[in-house]
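Colleague: Here is a sequence with its predicted model. Questions after.
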Amino acid sequence: MPYEELNKESLLWMYETMVTIRRFEEQSRREADAGKLRGMHSSIGQEAVPTGICAHLNEKDYVLGTHRSHHHCIAKGLDINEMMAELLGKSTGTGKGKGGTMHIADIDKGMLGANGVVGSNIPVATGVALTAKVKGTDQVSVVFFGDGASSQGVLHESMNLAGIWKLPVIFVCENNRYAEATPFEYSVAGGSVANRADGYGIPGVTVDGQSALDVYEVGKEAVSRARMGEGPTLIEAQTYRYQGHFGADDPLGYRSKEEQEYYMSRDCIVMLQKHILDGAYADETQLEVIDKKCIEAVNTAAEFANNSPFPDSEELTTDVYVAY
Amino acid sequence: MTQAQSVRQISFIQAINEALRQEMHRDPDVIVMGEDIAGGGEREDFQDAWGGPMRLTKGLVNDFGRLRVRDTPISEAGFVGAGVGAAASGLRPVVDLMYVSFYGVCADQITNNAAKMHYMFGGKVKIPLTIMTGIGAGTNSAAQHSETLYSIFTHFPGLKCVVPSNPYNAKGLMAAAIRDDDPVIVFNNRQLMGFRFEDNVPEESYTIEIGKSEIKTQGEDITLLGIGYTTRVCMEAAGLLEERGYSVEVLDLLSLSPMDEDAILSSVQKTKKIVIVDEDYPRCSIATDISALVAEEAFDYLDAPPKRVTPPHTQVPYSRPLEALFVPTKEKVLAAALELLE
Ligand SMILES: Cc1ncc(C[n+]2csc(CCOP(=O)(O)OP(=O)(O)O)c2C)c(N)n1
Ligand SMILES: [Mg+2]
């Protein structure tokens, strides 16, 4: 990273990243089913969105996420051993086991945290972009949030701030059609998140979030605008959450099987795989090698996490203040 | 209650649900709103998909329709504020704030509007708003989904705060909150949600007076004061103390604002010792407030200083072994009580 253009190298990086995310999420589910964590918000189905965006970022750029952020973290290059350990509440986790699945962060990798409060990270990302502006760096700040979060006032305040100050922040709405059991068409007046950018005089783009290539292109434009000091962009990536909202939630309680099948027939990994094979960037055997590598990496992460110790009891009261 | 009488046991969730249903039947001005309190948006085939994240509102939309049972977007400042306005203008809204930590999103509406309008407008406007919210650690949900925080709201004059501890008082306090002409916040502990208790919960509607505590067991040697979930912890600790031959009084506070000061003081005047068990952060909290009350008003009766059992002044950790050290337990209450008794 970053990848200047779509070629063999970048396509295979995206493929490996997306497959790693999916295998990681499947493993997290198994750990949850085994009772090692209460549950988690699965990002399966949405892998292409952070992957296509993060393809343009380097370690100095920032990403901020949501309650559903395992995919953001992996796309930003976090260590999956430490991530899995965090899920299991182990001392070797990204946050020493104190934060858990909704609060994975790694400041050294530019991941300023998942966040359990819906919408809460949007102004924080705006402030990160302010730092870049004041210090005159070319860093970019990206905040991912859901369709549900688009109804929080802070999104609008942040877009206005970023608009008047021309901040290098990219607002990426992952519209996965649902906020818990509430469908997008019910909760978002006007039927579009991207259109809301108009009122703030910033570009608002809708993109097929199942196409890693399309997200890559839109991300390229937004990141280069931000780096050149041209200000923020709002991207609405149309995607789909395959699993329930959290834990054992059954999505068929609020959506039809036909709808699910339609969206799942446009699976982002399958689509990227086809593009790679059709363009002869790699053959099936090469992709299988990557698939195997991802499974092994996730198995290693699970082993690492399960074999790691829980935090010492003193950890309960450390890290509340820097010094006390 | 004699053996012959049948006991009607329902869960905490069912109790809240029953109170909401009965109040909505009783008064057409009662409406309910919040995120996924029905679920499914306006999809005809998925009416009542969730019935609330904790199923507190299950079935209400089927009985009362979408006009009165309203799913909201994730806009707490918007819909809590709308609750204030609706309350000021003729409705009796119940607003669900899923977890108390989200109060930060809508604090302005609660503390600057709901709490103050009646006073600022010379008593001429009433805000019959009920906010129900989930509290408490112990569910492996980390720092932003496990707080208790009721103490913050007791700081504000104009807000009433109640914390039920079992299905019986959950139902009665919920009904009382809805009928009350002041804004009332009902804090429901998530660890209590699934439980059924011994208590009989009558099917017919009833209210429990806001501002009154309840003596759970009478005793002579020491008072254990609990709030919501910690009342359960106090009862367990009382069992352990009784095995050691002590006579224990357990007081369930139930209402934090207004607070039943008389009941606390008369219990302490009798037992001369008190352990206050509270899951909220220990600084500037309801526990420190009660401790001050006892020290100021009952000092001459005390055999020992009032004692608090609370979490340490830290965040709620995710990791389960750490989280277990955060929440007050019967062992900690027992140790605190023995310190005063021995
Ligand atoms: C301020 C706030 N309100 C409510 C919640 C409870 N909650 C957690 S996730 C969620 C739905 C979020 O939907 P969306 O933004 O679309 O993200 P998705 O879950 O689809 O990734 C809700 C309501 C919360 N965590 N924070
Ligand atoms: Mg969503």
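Modeller: Looks like it came in fine. Every value quoted in this text rests on a predicted model; they were computed, and no experiment measured them. Ligands and ions are numbered 1, 2, ... in the order given.
Colleague: in what helix or strand does residue A:25 lie?
Modeller: helix A:8-33 (DSSP states H and E).
Colleague: Same check on residue B:336?
Modeller: helix B:330-341.
Colleague: Packing partners of that helix?
Modeller: strand B:222-226, helix B:229-243, strand B:274-277, strand B:307-309 (3 or more C-beta pairs under 8 Å, 6 or more residues apart in numbering or on different chains; DSSP states H and E). To be clear about C-beta, it is placed using only N, CA and C from the backbone, and glycine gets the same treatment.
Colleague: In the stretch 151-300 of chain A, what residue comes closest to ligand 1?
Modeller: residue A:179 (3.2 Å; C-beta to the nearest ligand atom).
Colleague: need the residues of the stretch 101-250 of chain A near ligand 1, please.
Modeller: Counting by C-beta under 6 Å from any ligand atom, the stretch 101-250 of chain A comes close to ligand 1 at A:116-118, A:146-149, A:176, A:178-180, A:241, A:245.
Colleague: show me what contacts the residue nearest to residue A:41 when sequence neighbours are not counted?
Modeller: Excluding the flanking residues, the one nearest residue A:41 by C-beta to C-beta, 6 or more residues apart in numbering or on different chains is residue A:68, at 3.8 Å. When contacts are counted by C-beta atoms under 8 Å, 6 or more residues apart in numbering or on different chains, residue A:68 touches A:41, A:42, A:43, A:46, A:114, A:146, A:241.
Colleague: which residues of chain B fall in strands?
Modeller: B:30-34, B:69-71, B:92-99, B:130-135, B:160-162, B:184-189, B:214-217, B:222-226, B:248-252, B:255-257, B:274-277, B:307-309 (DSSP state E).
Colleague: Any part of the last one near chain A?
Modeller: No - contact between strand B:307-309 and chain A, assessed by C-beta under 8 Å from any C-beta of the partner chain, is absent, since the two come no nearer than 15.5 Å.
Colleague: How about the second one?
Modeller: Yes - under the criterion of C-beta under 8 Å from any C-beta, strand B:69-71 makes contact with chain A via residue B:71.
Colleague: Just want the phi and psi numbers for residue B:126.
Modeller: phi -110, psi 150 (degrees, to the nearest 10).
Colleague: ok, and the closest non-adjacent residue to it?
Modeller: residue B:181 (4.6 Å).
Colleague: coming back round to it: now the residue of the stretch 151-300 of chain A closest to ligand 1: how far from residue A:104?
Modeller: Residue A:179 sits 21 Å away from residue A:104, taking C-beta to C-beta, to the nearest Å as the criterion.
Colleague: what does residue A:228 give?
Modeller: 31 Å.
Colleague: ok, now residue B:134?
Modeller: Taken as C-beta to C-beta, the span from residue B:134 to residue A:104 is 23 Å.
Colleague: same thing with residue B:259?
Modeller: Taken as C-beta to C-beta, the span from residue B:259 to residue A:104 is 41 Å.
Colleague: Of the two, which one has the most company?
Modeller: residue A:104 (24 against 20; other C-beta atoms under 10 Å in any protein chain shown).
Colleague: Wait, the more buried one touches residue A:94, no?
Modeller: Yes - at 5.1 Å, residue A:104 counts as touching residue A:94 under the criterion of C-beta atoms under 8 Å.
Colleague: Could you tell me the phi and psi values at the closest residue to ligand 2 within chain A?
Modeller: Residue of chain A nearest ligand 2, by C-beta to the ion: residue A:146 (3.6 Å). Main-chain torsions, residue A:146, degrees, to the nearest 10: phi -90, psi 170.
Colleague: For it, give the beta-bridge partners.
Modeller: residue A:174 (DSSP bridges).
Colleague: Need the pLDDT of it.
Modeller: Note for residue A:146: predicted pLDDT of 98.
Colleague: Next: residue B:70.
Modeller: Predicted confidence (pLDDT) for residue B:70: 97.
Colleague: before we move on, back to that, export the helices and strands packed on helix B:330-341 to JSON lines and tack on distance to ligand 1, mean pLDDT and mean neighbour count?
Modeller: As requested, those are exported to JSON lines (distance: least, C-beta to the nearest ligand atom, whole Å; pLDDT from 0 to 100; neighbours: other C-beta atoms under 10 Å in any protein chain shown):
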{"stretch": "strand B:222-226", "distance to ligand 1": "28", "mean pLDDT": "98", "mean neighbour count": "30"}
{"stretch": "helix B:229-243", "distance to ligand 1": "21", "mean pLDDT": "98", "mean neighbour count": "22"}
{"stretch": "strand B:274-277", "distance to ligand 1": "28", "mean pLDDT": "98", "mean neighbour count": "28"}
{"stretch": "strand B:307-309", "distance to ligand 1": "29", "mean pLDDT": "98", "mean neighbour count": "21"}
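Colleague: Show me what from the stretch 201-342 of chain B comes close to chain A.
Modeller: B:312, B:313, B:314, B:315, B:317, B:318, B:319, B:320, B:321, B:322, B:325, B:326.
Colleague: quick one: which of those residues is nearest to ligand 1?
Modeller: residue B:318 (15.0 Å).
Colleague: Can you give me the separation between the nearest residue to the closest one once chain neighbours are set aside and residue B:147?
Modeller: Nearest non-adjacent residue to residue B:318, counting by C-beta to C-beta, 6+ apart: residue A:100, 3.1 Å away. Per C-beta to C-beta, residue A:100 is found 15 Å from residue B:147.
Colleague: Stretch A:181-194 and ligand 2 in contact?
Modeller: No - against ligand 2, stretch A:181-194 shows no contacts by C-beta under 5 Å from the ion, the least distance being 7.2 Å.
Colleague: quick revisit: show me what contacts the residue nearest to residue B:318?
Modeller: Residue A:100 sits in contact with A:37, A:86, A:87, A:89, B:140, B:141, B:142, B:318, B:319, where contact means C-beta under 8 Å, 6+ apart.
Colleague: which one is the first one nearest to, not counting chain neighbours?
Modeller: Closest residue to residue A:37 in three dimensions, ignoring its sequence neighbours and counting by C-beta to C-beta, 6+ apart: residue A:87, at 5.4 Å.
Colleague: Help me confirm that that neighbour comes into contact with residue A:39.
Modeller: No - between residue A:87 and residue A:39 there is no contact under C-beta under 8 Å: 10.3 Å.
Colleague: Provide a list of residues in contact with the closest residue to residue A:47 other than its chain neighbours.
Modeller: Leaving aside its sequence neighbours, residue A:47 sits nearest to residue A:18 (C-beta to C-beta, 6+ apart; 4.0 Å). Contacts for residue A:18 were tallied using C-beta under 8 Å, 6+ apart; they are A:47, A:48, A:51, A:212, A:268, A:269, A:272.
Colleague: run the last query once more with 10 Å
Modeller: The contact partners of residue A:18, by C-beta atoms under 10 Å, 6 or more residues apart in numbering or on different chains, come to A:46-48, A:50-52, A:71, A:74-75, A:212, A:267-269, A:272-273, A:294.
Colleague: Against which helices or strands is the host helix or strand of residue A:125 packed?
Modeller: Taking DSSP H and E as the criterion, residue A:125 maps to helix A:121-135. The contact analysis (3 or more C-beta pairs under 10 Å, 6 or more residues apart in numbering or on different chains; DSSP states H and E) places helix A:121-135 against strand A:62-64, strand A:141-146, helix A:153-165, strand A:169-175, helix A:212-227.
Colleague: pLDDT averaged over the very next helix or strand once past the first one - what is it?
Modeller: Sequence-wise, the next helix or strand beyond strand A:62-64 is helix A:70-75, with elements assigned using DSSP H and E. Mean pLDDT, computed over helix A:70-75, is 98.
Colleague: Leaving out chain neighbours, which residue sits closest to the residue nearest the centre of chain B?
Modeller: Nearest residue to the geometric centre of chain B (C-alpha atoms, centre = their mean): residue B:163, 1.9 Å. Closest residue to residue B:163 apart from its sequence neighbours, by C-beta to C-beta, 6+ apart: residue B:228 at 4.0 Å.
Colleague: And residue B:34, by the same measure?
Modeller: Per C-beta to C-beta, 6+ apart, closest to residue B:34 is residue B:96, 2.9 Å.
Colleague: Ok, residue A:39 next?
Modeller: Per C-beta to C-beta, 6+ apart, closest to residue A:39 is residue A:247, 2.9 Å.
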